[in-house]
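Participant: next one to model:
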Amino acid sequence: MAVSARKRIWGWFFFDWASQPYSTLLLTFVFAPYFAEVARAHFTAAGATPEAAAAQAQAYWSGGLTIAGLCIALLAPVLGAVADGSGNRMGWIRGFSAIYVLGALALWWTRPDGGIFWPVVFFGLGLIAMEFATIFTNALMPHLAVREELGRVSGSGFAFGYAGGVLSLFLMLLLFAENAATGQTLGGIAPILGLDPGAREGTRAVGPFTAIWYVVFMIPFFLWVREPAAPRRRPASEALRRLWQSLRDLPRRRSLSAYLASSMFYRDALNAIYGLGGAFASNVLGWGVIQSGTFGIIAAVTAAAACWAGGRIDTRLGPKPVIAGCVLILIAVCVTLIGLSRGSVFGIALAEGSGLPDQIFYVCGALIGAAGGVLQAASRTLMVYHADPDRAAEAFGLYGLSGKATTFLAPAMITAATAATGSAQLGIIPLVPLLALGLLLLIWVDPRGDQ
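Facilitator: Next up, the predicted model:
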């Protein structure tokens, strides 16, 4: 049965809706701060002081993100090239969707008094699968709309995804995730389905919840999205030769090379902000899962609204100035967080129990959500401007490589800075030069692409 162009676009939007909870619920606002609690308890039991335990917990989490990022960086362009040659991107999406679901489900076994190794392993598997599925889904984008409408399509897709993130986070906080002290959810009730708050089963349910959400809302994607016919199928060896030739040609494509390098740094920093945001709130401000989740709702709402508006600005001005503005906002946010602690702001002592640090962090969260969401949407559009539609998965594989080639860098620098200073607050200082370097390299990027 024929599927209309409008329905194909909406089906493509549903991938963002289905996959967003992995970032919103697991990477940032529910599982990450819960894991920080578990890891701090683990290191405290091993004899660490509270401050040292917080630093070690942040270093352990960022180390796991580093390893996952390296796996993505090494495999993304290879798998993209092979998928282009086989003409079966949808098959790859199905396969990585299965790994995504498995990785999320396994997080149920992250007990308060349990180990911290396997939760990081399964979280990393799910994260890798999500990134690879995203690469192949993005590769379908050039065939969805004419070039002039791609900014609006990309922005609307991210806005729809963030709306899904808001809804999933609200449901999680209202019905499942319990406050560690009271055992009640944001709705003032015990976790539903008879889950034991003493064993943190409500919060641990975030893994199965994320998996089920993905399975249900990927149905429209698989029903409505159609993969364009490949010009001809190529063996994997030929696809890899073409990839090698594309890599050799990069020095002659100045705009593409500069863009991949620029996005490599600013997306690395952005991913670190997302990955450590919830843990930062827990370690520096002492926030629990409920407070972090409320913060997440604010961030996701602003992200959804900003992405919708940003897509229209992208269509009018082009993606490059949108990207530059978002990077500047993120630099300002990072500088603010470096100067923020429970008892002071930029070294100015506050009255005991002051709510100002919490209010500032809420504002920072809203700005991170807005700037981060628009930055990703505009970056996706600018990559399409540099991509051959018939080799889009290869192009987005290179894009994935640029986003992950130095993905170890931000977490590793944060790990080193945190260990050197003994402070989770000062540990995020390396994010500022990474964002600044990404902004500088944009100078050599052609706003129209190089196709």
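Participant: close enough to count as contact, P430 and A410?
Facilitator: Yes. P430 is in contact with A410 according to CB atoms under 8 Å; the separation is 6.6 Å. Yep, even glycine has a C-beta here, placed from its N, CA and C like the rest.
Participant: so the two - more neighbours on which side?
Facilitator: In this view P430 and A410 are compared by other CB atoms under 10 Å, and A410 has more residues nearby, 28 against 21.
Participant: what sits closest to the more buried one if chain neighbours are left out?
Facilitator: By the measure of CB to CB, 6 or more residues apart in numbering, the closest residue to A410 outside its immediate chain neighbours is A272, 3.8 Å from it.
Participant: can you list the buried residues in the helix or strand containing that neighbour?
Facilitator: Using DSSP states H and E, the element containing A272 is helix 254-285. For helix 254-285, a neighbour-count test (16 or more other CB atoms under 10 Å) marks 255-285 as buried.
Participant: now the element after that helix, going C-ward?
Facilitator: Along the chain past helix 254-285, the next helix or strand (assigned with DSSP H and E) turns out to be helix 289-317.
Participant: flag every buried residue along the following helix or strand past that next one.
Facilitator: Next along the chain after helix 289-317, taking DSSP H and E as the criterion, comes helix 319-338. Residues of helix 319-338 classed as buried: 319-320, 322-327, 329-331, 333-334, 336-338 (neighbour count, 16+ other CB under 10 Å).
Participant: again with stretch 192-199
Facilitator: Across stretch 192-199, burial judged by 16+ other CB under 10 Å covers 195, 197.
Participant: number the chain from 42, please
Facilitator: Renumbered: residue one is now 42, and that last one reads stretch 233-240.
Participant: which parts of the protein are strands?
Facilitator: 385-386, 389-390 (DSSP state E).
Participant: worst average pLDDT in these?
Facilitator: Among these, strand 385-386 has the lowest mean pLDDT, at a mean of 76.
Participant: what's it in contact with?
Facilitator: Identification of contacts with strand 385-386 by CB atoms under 8 Å, 6 or more residues apart in numbering yields 380, 391, 397-398, 401.
Participant: most neighbours out of those, which is it?
Facilitator: P398 (18 neighbours).
Participant: please report how far that residue lies from A344.
Facilitator: Separation of P398 from A344 (CB to CB, to the nearest Å): 22 Å.
Participant: again with L208
Facilitator: In this view, L208 and A344 are 13 Å apart by CB to CB.
Participant: what about those two, which has more around it?
Facilitator: Ranked by neighbour count (other CB under 10 Å), L208 and A344 place A344 first, with 31 against 17.
Participant: quick one: low-confidence parts of the stretch 242-391 of the chain?
Facilitator: Low-confidence segments of the stretch 242-391 of the chain, defined by pLDDT under 70: 270-281, 316, 319, 330.
Participant: rerun at 80
Facilitator: Along the stretch 242-391 of the chain, segments meeting pLDDT under 80 span 268-292, 315-338, 341, 382-388, 390-391.
Participant: grab the nearest non-local neighbour of I50.
Facilitator: Per CB to CB, 6+ apart, closest to I50 is L185, 5.4 Å.
Participant: got the phi and psi for the one you found?
Facilitator: phi -90, psi -30 (degrees, to the nearest 10).
Participant: between the contacts of strand 385-386, which is nearest V194?
Facilitator: For these, the closest approach to V194 (CB to CB) belongs to I401, at 34.9 Å.
Participant: pretty sure the closest one contacts G380?
Facilitator: No. Contact criterion CB under 8 Å: I401 and G380 do not qualify, at 9.4 Å.
Participant: is it true that L214 touches S333?
Facilitator: No. Using CB under 8 Å, L214 makes no contact with S333, being 9.5 Å away.
Participant: who touches both of those two?
Facilitator: Residues touching both L214 and S333 (CB under 8 Å, 6+ apart): V71.
Participant: wait, isn't the residue nearest to A451 in contact with L472?
Facilitator: Yes. Between A313 and L472 there is a contact at 6.1 Å, judged by CB under 8 Å.
Participant: overlap of the contact sets of those two?
Facilitator: 451, 455.
Participant: contacts only, for Q466.
Facilitator: By CB under 8 Å, 6+ apart, Q466 lies in contact with 321, 325, 378-379, 381-382.
Participant: tell me the one among those residues nearest to I260.
Facilitator: F321 (35.6 Å).
Participant: give the contact list for that closest one.
Facilitator: 99, 378, 465-466, 469.
Participant: thinking again about what came up before, the residue nearest to I50 and S138, how far apart?
Facilitator: For L185, the distance to S138 (CB to CB) stands at 20 Å.
Participant: how about S195?
Facilitator: From S195 over to S138 the distance is 21 Å, taken as CB to CB.
Participant: higher neighbour count, the two?
Facilitator: A side-by-side neighbour count of S195 and S138, using other CB under 10 Å, places S195 first with 30 against 22.
Participant: wait, that one sits on M182?
Facilitator: Yes. Between S195 and M182 a contact is recorded at 7.0 Å, counting by CB under 8 Å.
Participant: mutual contacts of these two, please.
Facilitator: 421, 425.
Participant: can you name the farthest residue from the center of the protein?
Facilitator: Farthest-out residue of the chain from its mean C-alpha position, per CA atoms, centre = their mean: A392, at 35.4 Å.
Participant: can you give me phi and psi for that residue?
Facilitator: Per degrees, to the nearest 10, the backbone of A392 is at phi -60, psi 150.
Participant: where does A428 fall, phi/psi-wise?
Facilitator: Main-chain dihedrals, A428, degrees, to the nearest 10: phi -110, psi 140.
Participant: separation between it and R130?
Facilitator: Counting by CB to CB, the gap from A428 to R130 is 14 Å.
Participant: next one: V325
Facilitator: Distance, V325 to R130, using CB to CB: 41 Å.
Participant: how many neighbours does the closest residue to Y300 other than its chain neighbours have?
Facilitator: Nearest residue to Y300 in three dimensions, chain neighbours excluded: V486, at 4.5 Å (CB to CB, 6+ apart). V486 sits with 26 neighbouring residues when counted by other CB under 10 Å.
Participant: give me the residues contacting stretch 79-97.
Facilitator: Taking CB under 8 Å, 6+ apart as the rule, stretch 79-97 contacts 77, 98, 101-102, 151-157, 160, 324-325, 459-460, 463-465, 468.
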